[in-house]
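K.L.:
After the sequence you'll find the predicted model.
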Amino acid sequence: MKKFKTLLLGSLGLAVLLTTGSTVFAESDDTTQGDIVFTRGSIDIGGPDGQSAPSIDFGIHTITSGDRTYDGTPSSPVTVTDNRGTEEGWSVTVRQSTEFTQDTHTLAGSEIRIGNIAGAATTTGSNLILSPSEATSIVAGADSGSGAGVNHFDLESIVLHIPAGVNTMVGAYQADLVWTVLTTP
């Protein structure tokens, strides 16, 4: 029992010594800084994952006559990546630069109609009509003070309208769409 009391008192004494700390005074201190510099990046249509402006697929159809409308599906959302670091705003335009053409035959007078644009920082376009005879259409944009980073927006209710009297031939037709990002909202 005497050994147990000695061991217990020794342990308590060691615990007291370990818990009483000593005060350390600094001889001097110095403040330094971490530095980083950012330079202006670019603004592009497309995302960091390699996306580009969307193509629009109007499907495969049997030839008919009369007024025709075909639903379109975009291949991806429209993505604008603004890494300028200025939040100056931007706008995206689109124009159809050529008629839908298959070899030498065109679907003259056909129009791509975009009913709605959703998800942009500032939506500016709806009920857009694209054809070679129409002016460039503003699809969407970001006001000054917004739109930095990656911005996605969806094209909704897209149709290809072919008016009555336009004959279609067997084959695949294509038209060119030109997407442009402008550095002004």
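P.N.:
Nice, I can see it. Numbering: from 1, shown residues only.
K.L.:
Residue 131 touches residue 111, doesn't it?
P.N.:
Yes - under the criterion of C-beta atoms under 8 Å, residue 131 makes contact with residue 111 at 4.6 Å. Yep, even glycine has a C-beta here, placed from its N, CA and C like the rest.
K.L.:
Show me where the protein has its helices.
P.N.:
Here the chain has its helices, by DSSP state H, at 2-19.
K.L.:
Would you map the strands across it?
P.N.:
With DSSP state E, the ranges of strands along the chain come out as 43-45, 56-57, 68-71, 73-74, 78-82, 90-96, 101-102, 105-106, 111-118, 122-123, 126-130, 137-142, 149-162, 177-182.
K.L.:
Out of the ones you listed, which is closest to residue 25?
P.N.:
strand 149-162 (48.7 Å; C-beta to C-beta).
K.L.:
quick one: buried residues of stretch 168-185?
P.N.:
168, 173, 175, 179, 181, 185 (16 or more other C-beta atoms under 10 Å).
K.L.:
Relative to residue 131, how far out is the closest residue to the first one other than its chain neighbours?
P.N.:
With sequence-adjacent residues excluded and distances taken as C-beta to C-beta, 6 or more residues apart in numbering, residue 168 is closest to residue 63, at 5.1 Å. Between residue 63 and residue 131 the distance, using C-beta to C-beta, to the nearest Å, works out to 21 Å.
K.L.:
export the strands of the chain to CSV and tack on mean pLDDT and distance to residue 34?
P.N.:
Output for these, formatted as CSV (pLDDT from 0 to 100; distance: least, C-beta to C-beta, whole Å):
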stretch, mean pLDDT, distance to residue 34
strand 43-45, 87, 29
strand 56-57, 96, 48
strand 68-71, 97, 54
strand 73-74, 95, 44
strand 78-82, 90, 26
strand 90-96, 91, 32
strand 101-102, 96, 58
strand 105-106, 96, 62
strand 111-118, 90, 41
strand 122-123, 64, 36
strand 126-130, 88, 47
strand 137-142, 86, 31
strand 149-162, 91, 23
strand 177-182, 92, 34
